Every structure is written in C-alpha cells, then in structure tokens.
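Enquirer: Quick one: sequence and predicted model below, then my questions.
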Amino acid sequence: MIPFLDLKAQYASIKGDIDAAVMRVLASAEYVLGEEVAQLEREFAEYCGTRHAVAVNTGTSALHLALLALGAGPGDEVITVPFTFVATVSAICYTGAQPVFVDVEPVTLTMDATKLEAAITSRTKAIMPVHLYGQMADMNAIKAIADRHGVPIIEDACQAHGAEYEGRRAGSIGVSGCFSFYPGKNLGACGEGGIVVTSNDSHARTIRMLRDWGQERRYHHVLKGFNYRMDGIQGAILRVKLRHLNTWTLARRAFAARYSALLAGSNHVRAPFEAADRHHVYHIYAIRCRDRECLQRALAVQGIQFGLHYPIPVHLQKAHADLGYAPGDFPISEAAAGSVLSLPIYPEMTTAQVEEVASAVEQEQEQEQEREREREREREQEAHVL
Ligand SMILES: *Cc1c(COP(=O)(O)O)cnc(C)c1O
C-alpha cells in the first residue's frame, strides 16, 4: 500500500523536537497565543519576506480577516477562481461580499489573467488568485491589471508555503497572503492553524485586533471581532516544522521531477506544468488523465492511494447555486475537474515508491491501449461483415 501522505512518518522523523515544544507550552501555560505564537509570526514573516504575520486558527479565518481588513462587505465583489477548495469562496461569502469567478488557465490551472479585466466592476473590492497545488498564479499579469484598476490582491497561498514567482515568495506580492496550517498542508500543525502575512502596518493591526474580539486593549472592543486565535501548542509545533520546510520542499520537488520524467512519454496522462518563472512546491502532484475512471480503478486495485483536487468546481456546488452560475460557464475549470488526479507526494516517501506509482500509471495505460486496439479490431471485423 502506498498512502497519499504519511503524517505519522513526519512526526516520527522529528518526534524529539515536537514533544519538547509541546511540553514547553504545557509547562508555560500559554495555551492561547503567547510567546511561541509571537515567535512563529516573526519567523514566518521573515520566511515570506513580509513585515508582519498574524497567526489565526485556520486558513479560512486568514482569508476572512484579510478580506475584512480591506473593508469587504455586502455590496462588494471579490474576484476569484472556481477551480479551488471551497474555503476560498466561503471566506468571501462570510464577509457578505459576492464572489465573482474568472476561469483558470488550461495549463497551470491558476487564474487566467486574460479573463480578469472583463470581470472588474466599480464594486470590485479585491482580487483573490489561488496558488493552486503549490504553484503561484501569474502574478505579474494579475498585478498589472489590479494596479491599473486600483484593486488590491489577496493571495490564497494556503497550498503554497515557500512557493516563488520570479524569486518572490508566495504571500509577499499582494497586499496580504493567507496560509493554512491544516495537518496535510506543506507546513502543517497538529490540529488547525492559519496565518496572514502582509507588509501593510494598518492591515496587520486590524487583523490582529479582529482575530481576538476586536480588542485594542483588554475589554476595549473597537471592532466587531472573532475568536480566531491560534493555540500556543500549534505555534510551538509550527516553529519546529518551519525549520524543516525548505528540506521538505526540496524532497517534494525531487519526487515531482522523478514522476514527470517517468510520465513524460505518456499519451494517456499529462504531468503538471511548472512555469519557468515559478518555484512550485508541489503540495499536490496532479496529473491530467484521458480516462480517469479507468486509472482510478487500476490504482485502487494496486493499493495506491490518490486524490481528486477537485472533482466539482465551486460554481457548480449546490451550496453556491445562489451565485447563479451554470455548467459551461467556466469550461477550463470544468474540464480540469473531470480529468485531474493527484498522485501520492510527501517528503517522507521514497524514490522507489514514486517509481512504483508511475509504473502502475503506465501499466494502466498499456492495458488501455490494448483495449483500444481490441475495439479497433472489432470495428474492422464489423465493417468487413457489412
Ligand atoms: C486548505 C485551503 C484553504 C482553507 O484552509 P483551512 O486551514 O482548512 O481553513 C483555503 N484555500 C485553499 C486553496 C486551501 O487549500
């Protein structure tokens, strides 16, 4: 069996440091926010190349507060993509603003900047590109349009810890960037977590207040805030893991390169595309399949776990039917939803496992070709009879 990811293996590899970090917090009794969280904020801001980071309880909360700091609310529109995890869109809805979708590019599956301008109106409050699978969206093209219209960008970097665009880290190009520390993300807590990075002093201050009941100081509530605080234990754990993130990213990139080399000759699946100006961190290694159901069956038989990110684009989800979109509105997203398949990728896997997965994909493909030849022979015979 090859798992999709192995969080137990990651824990085992750094158990001593994690256990010590947890014990430190237990002894300090700083269970919510506290010094460990404050240190994490400093370290993660430095990692991203921003002036500030504000830790919160989830990536969704990070997106929600980044939007609120811009003043997003009822009557506003926020532009994003339908080919993302639903949380991107839910965070917009929480503010009362209306999500407006633009389709993704066919190759990178990130926001198609050529379709962005047509979606901007006088109500557009923010543009929220998603750095899907760990590869940043085309930020130069998006930023040029955003700047021309004076609309700020919030980066949904929940899958893109340490990703780069022309050498700049995810989260540092927009007015703010939002990350998730959900356990399975490239940098994951042992529970829930998230963070907003920004170099805007006033946004940082607002987000800091909003995550803790809108307090300026204790019991002086100047904003209608939330309880979105990060646990001290998660802060301490994330500090330990942050020290390993670059090594883990290198491992992910090496496995992705191996997969892509092994799958390069395939005419049934296509390896993901990494744009030359970007540093992909391969949170997810998603191939495109000609016949996904067939491949899913074959992988299941061989005990290889896989994922589908994501099988239904957000504009076709029942929960967001009120937005009024219909099938055919975003054909690139819809085609992607029907053909992507995510292969196992995590820093603790082995090259042998990568090779086993690639060979399983290839075998399936050979069987499919054989079935295709069989169908061809049958057609020829039928033609003969007629
Ligand atoms: C994981 C994720 C989120 C939400 O993060 P949580 O920490 O689970 O709330 C938002 N957007 C994207 C693209 C994600 O992958």
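Expert: The structure has been received and is ready for your questions.
Enquirer: Give me the distance between the residue of the stretch 1-150 of the chain found nearest the ligand and L343.
Expert: Using CB to the nearest ligand atom, the closest approach of the stretch 1-150 of the chain to the ligand is made by G59 at 2.6 Å. The way it works is simple: take the backbone N, C-alpha and C, and place the C-beta from them, glycine included. In this view, G59 and L343 are 23 Å apart by CB to CB, to the nearest Å.
Enquirer: same question, I154
Expert: Counting by CB to CB - I154 and L343 are separated by 30 Å.
Enquirer: Neighbour count: the two, which is higher?
Expert: More crowded of I154 and L343, by other CB atoms under 10 Å: I154, with 31 against 27.
Enquirer: looking only at pLDDT, what's the mean for the helix or strand that the more buried one is a member of?
Expert: Here I154, judged by DSSP states H and E, is contained in strand 154-156. For strand 154-156, mean pLDDT rounds to 98.
Enquirer: Against which helices or strands is it packed?
Expert: Secondary-structure packing of strand 154-156 (3 or more CB pairs under 8 Å, 6 or more residues apart in numbering; DSSP states H and E): helix 59-69, strand 176-180.
Enquirer: Get me the contact residues on the stretch 51-200 of the chain for the ligand.
Expert: 58-60, 84-85, 87-88, 130, 156, 158-159, 180, 182, 194 (CB under 6 Å from any ligand atom).
Enquirer: from those residues, which is closest to G328?
Expert: When those are ranked by distance to G328 (CB to CB), T84 comes first, at 18.9 Å.
Enquirer: wouldn't the closest one be in contact with Y310 here?
Expert: Yes. Look at T84 against Y310 with CB atoms under 8 Å: they come within range, at 7.3 Å.
Enquirer: neighbour-wise, which of these two wins?
Expert: More neighbours surround T84 than the other of T84 and Y310, with 27 against 20 (other CB under 10 Å).
Enquirer: For the more buried one, which residues are in contact?
Expert: By CB atoms under 8 Å, 6 or more residues apart in numbering, the residues touching T84 are V130, L132, D156, Y310, V314.
Enquirer: Surely V314 touches A91?
Expert: No. When contacts are counted by CB under 8 Å, V314 is not listed as touching A91 (11.7 Å).
Enquirer: Tell me which of these two has more neighbours.
Expert: For V314 versus A91, neighbours defined as other CB under 10 Å are more numerous around A91 (29 against 26).
Enquirer: What helix or strand is that one located in?
Expert: Using DSSP H and E, A91 falls in helix 87-95.
Enquirer: Tell me who's in contact with the closest residue to E274 other than its chain neighbours.
Expert: Leaving out its chain neighbours, the residue that sits closest to E274 by CB to CB, 6 or more residues apart in numbering is H280, at 4.5 Å. Going by CB under 8 Å, 6+ apart, H280 touches Y133, G134, Q135, A163, R253, A256, P272, E274.
Enquirer: please redo it, this time with the cut-off set to 6 Å
Expert: G134, Q135, E274 (CB atoms under 6 Å, 6 or more residues apart in numbering).
Enquirer: Equivalent analysis for G150, please.
Expert: Contacts of G150 by CB under 6 Å, 6+ apart: none found.
Enquirer: And the pLDDT for it?
Expert: 98.
Enquirer: Can you pull the phi and psi angles for it?
Expert: Note on G150: its backbone torsions stand at phi 60, psi 30 [degrees, to the nearest 10].
Enquirer: Please work out which of the helices and strands packed on strand 154-156 is packed deepest.
Expert: strand 176-180 (a mean of 30; mean count of other CB atoms under 10 Å).
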